[in-house]
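Visitor: here are the coordinates; sequence isn't available:
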């Protein structure tokens, strides 16, 4: 038996009663430590669970799951930040478990996909989600820009997930994301992002949340503090969405 | 002070530790009882909270919030199914609280927006969300169909939220939603939905989940049991999404 347990957005207080019960029943508990950054205390989670928690790298989880989470005679738990089935890599785990006849039970939790409602933007009005990756050498994909363009044309908002390189302790900031979008604009010249474009920058939604609705020029300079950060390119705004956005501090 | 507390997808076991702490600190606790159906036990929630919970109708919450949730000298909690800020009506509550200088704290929880990952479909590949309403008299909007068409063209999946008329105890089923989409197709004739179209029907994700990947013809006849139900019109499928969809029972 394998539990995939969502940890929610911020810290150990976001665990659900169902999640807590499942980790207490588990023989071995693992934490997926590479798709996001956990702002909670692992020690406190271990205290709640009553046992040790092992943090797994992407390599351990993807290449040798049989040595950690997937054991036929055990009840194991994999803790995942946010809601467990948002990243493709976690769907792969279910398919591997099926292949070994290990039943999987998912315990859901909060995720950025609906928590962005805290900005005032309506979740149903978002189009396709994009990810802004760190450029590496010649690798500088323009597909995120195309995604924003498509959503813009349809009047939809764009949630930009920002790159995480946990092994190098790099978590993309709103500031970096703004710079990268401006670089994409320079190459594509479709005039969807400029220093004057008003966007939503957010940090640590569900924790000590900061949300700012400001121009890209301002967001490039705003101090948002630690990860995770999120950037949203708004589409057509309903007056109530605008009223909520304007209600956030202007510093 | 007003807490907006997400109850998550299924029952009282989905409450987070943070949510539990907040309801225990609250003077008065209200449940929003009209945008979805709570499958948990209100008595058990009251036991956890240590006090009575009052269920509010849409009218009470939208027209006279000052008589229930919005009281300046109290710490009150409003319990909302799923994640609290998904419905527009809850954003309105925040704006009303701001106007009365009452601070609001949101406690997030699981929502269908990411929990659909349990179908194997990737949340980032969804386009705009649509709602399929019950027709009433001459009211039979075709905009949901247009939404699916736009998403289809872009290869994106469509999450269809199904209508809820809690006051009349009506919760739209996958079966009803399929019939309505076929009626829209008859009027629009863009050939996006037919009896042969393969869709995803789901019920009670996060609880005793049923997920079926089948033709509209089959989904019209499938018994999904009690609410809430969800219908998804898939866009272009990645092979891993297809593998997950095909792994669900075929009955």
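Guide: All right, it came through fine. As the structure is a computational prediction, the values presented were derived from the model and not from experiment.

Visitor: the strands in chain A, which residues?
Guide: In chain A, the strands defined using DSSP state E lie at A:2-6, A:28-32, A:53-56, A:76-80, A:104-107, A:130-132, A:158-162, A:164-165, A:170-171, A:198-203, A:210-215, A:229-233.

Visitor: Format those as a markdown table; extra columns: distance to residue B:185.
Guide: Any C-beta I mention is one placed from the backbone N, CA and C, and that applies to glycine too. A markdown table is the format used below for the strands of chain A (distance: least, CB to CB, whole Å):
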| stretch | distance to residue B:185 |
| --- | --- |
| strand A:2-6 | 37 |
| strand A:28-32 | 42 |
| strand A:53-56 | 47 |
| strand A:76-80 | 39 |
| strand A:104-107 | 33 |
| strand A:130-132 | 31 |
| strand A:158-162 | 30 |
| strand A:164-165 | 42 |
| strand A:170-171 | 46 |
| strand A:198-203 | 37 |
| strand A:210-215 | 40 |
| strand A:229-233 | 33 |
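
Visitor: Same list (those) but as CSV, adding distance to residue B:52 and mean pLDDT.
Guide: Output for these, formatted as CSV (distance: least, CB to CB, whole Å; pLDDT from 0 to 100):
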stretch, distance to residue B:52, mean pLDDT
strand A:2-6, 30, 97
strand A:28-32, 37, 96
strand A:53-56, 38, 95
strand A:76-80, 35, 97
strand A:104-107, 29, 97
strand A:130-132, 46, 97
strand A:158-162, 38, 97
strand A:164-165, 44, 93
strand A:170-171, 44, 95
strand A:198-203, 36, 98
strand A:210-215, 34, 98
strand A:229-233, 38, 98
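
Visitor: will you turn the ones you listed into TSV that also has mean neighbour count and distance to residue B:15?
Guide: Below are the strands of chain A laid out as TSV (neighbours: other CB atoms under 10 Å in any protein chain shown; distance: least, CB to CB, whole Å):
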stretch	mean neighbour count	distance to residue B:15
strand A:2-6	26	14
strand A:28-32	21	21
strand A:53-56	16	22
strand A:76-80	25	18
strand A:104-107	21	13
strand A:130-132	20	31
strand A:158-162	23	26
strand A:164-165	16	29
strand A:170-171	15	29
strand A:198-203	22	25
strand A:210-215	20	25
strand A:229-233	24	25
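
Visitor: Out of the ones you listed, which gets nearest to chain B?
Guide: In terms of CB to the nearest CB, the element of the strands of chain A nearest to chain B is strand A:104-107, at 5.6 Å.

Visitor: do that closest one and chain B meet at all?
Guide: Yes - using CB under 8 Å from any CB of the partner chain, strand A:104-107 reaches chain B at residue A:106.

Visitor: ok and the residue in the stretch 101-250 of chain A nearest chain B?
Guide: Going by CB to the nearest CB, chain B is nearest to residue A:117 of the stretch 101-250 of chain A, at 2.9 Å.

Visitor: what residues are up against that residue?
Guide: With contacts defined as CB atoms under 8 Å, 6 or more residues apart in numbering or on different chains, the neighbours of residue A:117 are A:123, B:83-86, B:90-91.

Visitor: Could you work out the most separated pair of those?
Guide: Pairwise distances across the contacts of residue A:117 (CB to CB) peak at 12.4 Å, for the pair B:83 and B:91.

Visitor: Of the two, give the one with the bigger neighbour count.
Guide: Higher neighbour count among residue B:83 and residue B:91: residue B:83, with 35 against 23, using other CB atoms under 10 Å in any protein chain shown.

Visitor: I'd say the more buried one and residue B:108 touch.
Guide: Yes - contact status for residue B:83 versus residue B:108: in contact at 5.3 Å, counting by CB atoms under 8 Å.

Visitor: shared neighbours, those two?
Guide: A:110, A:114-115, B:6.

Visitor: Tell me the one of these nearest residue B:207?
Guide: residue B:6 (15.4 Å).

Visitor: The closest one contacts residue B:112, correct?
Guide: No - at 11.9 Å, residue B:6 does not count as touching residue B:112 under the criterion of CB under 8 Å.

Visitor: what is in contact with the two at once?
Guide: Shared contacts of residue B:6 and residue B:112 (CB under 8 Å, 6+ apart): residue B:82.

Visitor: Okay, now the unreliable bits of the stretch 1-150 of chain A?
Guide: Counting by pLDDT under 70, the stretch 1-150 of chain A contains no low-confidence residues.

Visitor: which parts of the stretch 101-250 of chain A sit against chain B?
Guide: A:106, A:108-111, A:113-115, A:117-118, A:120, A:122-131, A:150, A:154, A:156, A:161, A:205-206, A:238, A:240-241, A:243-244, A:247.

Visitor: Type out the ChimeraX command that picks the buried ones from the residues you listed.
Guide: Only the buried entries of these go into this ChimeraX selection, using 16 or more other CB atoms under 10 Å in any protein chain shown:
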select /A:106,108,109,110,111,113,114,115,117,118,120,122,123,124,125,126,127,128,129,130,131,150,154,156,161,205,206,241,243,244
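
Visitor: Tell me which entries of the residues of the stretch 101-250 of chain A next to chain B lie within helices.
Guide: Those of those mapping onto helices are A:113-115, A:150, A:240-241, A:243-244, per DSSP state H.

Visitor: May I ask which two of these are separated the most?
Guide: Farthest-apart pair in these is A:150 and A:243; separation 26.9 Å (CB to CB).

Visitor: which helix in chain A runs the most residues?
Guide: In chain A, assigned by DSSP H, the helix with the most residues is helix A:174-188.

Visitor: That one to strand A:229-233, inter-axis angle?
Guide: Angle between the axes of helix A:174-188 and strand A:229-233 is 40 degrees (criterion: axes from the mean of the first three to the mean of the last three CA atoms, to 10 degrees).

Visitor: correct me, but residue A:229 touches residue A:178?
Guide: No - look at residue A:229 against residue A:178 with CB under 8 Å: they stay out of range, at 10.5 Å.

Visitor: tell me, what's touching those two both at once?
Guide: In contact with both residue A:229 and residue A:178: residue A:201, using CB under 8 Å, 6+ apart.

Visitor: residue contacts, the closest residue to residue A:224 other than its chain neighbours?
Guide: Spatial nearest neighbour of residue A:224, excluding adjacent residues (CB to CB, 6 or more residues apart in numbering or on different chains): residue A:203 at 3.9 Å. Neighbour list for residue A:203: A:174, A:209-210, A:224-230 [criterion: CB under 8 Å, 6+ apart].

Visitor: Same question for residue A:67.
Guide: Each residue near residue A:67 by CB under 8 Å, 6+ apart is listed here: residue A:60.

Visitor: what's across from the residue nearest to residue A:224 in the sheet?
Guide: Following DSSP bridges, residue A:203 is listed with bridge partners residue A:210, residue A:229.

Visitor: Now do it against residue A:133, distance only.
Guide: 19 Å (CB to CB, to the nearest Å).

Visitor: distance of residue A:134 from residue A:144?
Guide: Distance, residue A:134 to residue A:144, by CB to CB: 12 Å.

Visitor: Which one's more surrounded, the two?
Guide: Comparing residue A:134 with residue A:144 by neighbour count (other CB under 10 Å), the higher total belongs to residue A:144, at 20 against 15.

Visitor: Who are the contact partners of the closest residue to that one other than its chain neighbours?
Guide: Spatial nearest neighbour of residue A:144, excluding adjacent residues (CB to CB, 6+ apart): residue A:130 at 4.3 Å. Neighbouring residues of residue A:130 by CB under 8 Å, 6+ apart: A:143-144, A:147-148, A:158-161, B:124.

Visitor: could these be laid out in JSON lines, adding distance to residue A:38?
Guide: As requested, these are exported to JSON lines (distance: CB to CB, whole Å):
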{"residue": "A:143", "distance to residue A:38": "28"}
{"residue": "A:144", "distance to residue A:38": "25"}
{"residue": "A:147", "distance to residue A:38": "28"}
{"residue": "A:148", "distance to residue A:38": "29"}
{"residue": "A:158", "distance to residue A:38": "26"}
{"residue": "A:159", "distance to residue A:38": "21"}
{"residue": "A:160", "distance to residue A:38": "21"}
{"residue": "A:161", "distance to residue A:38": "17"}
{"residue": "B:124", "distance to residue A:38": "21"}
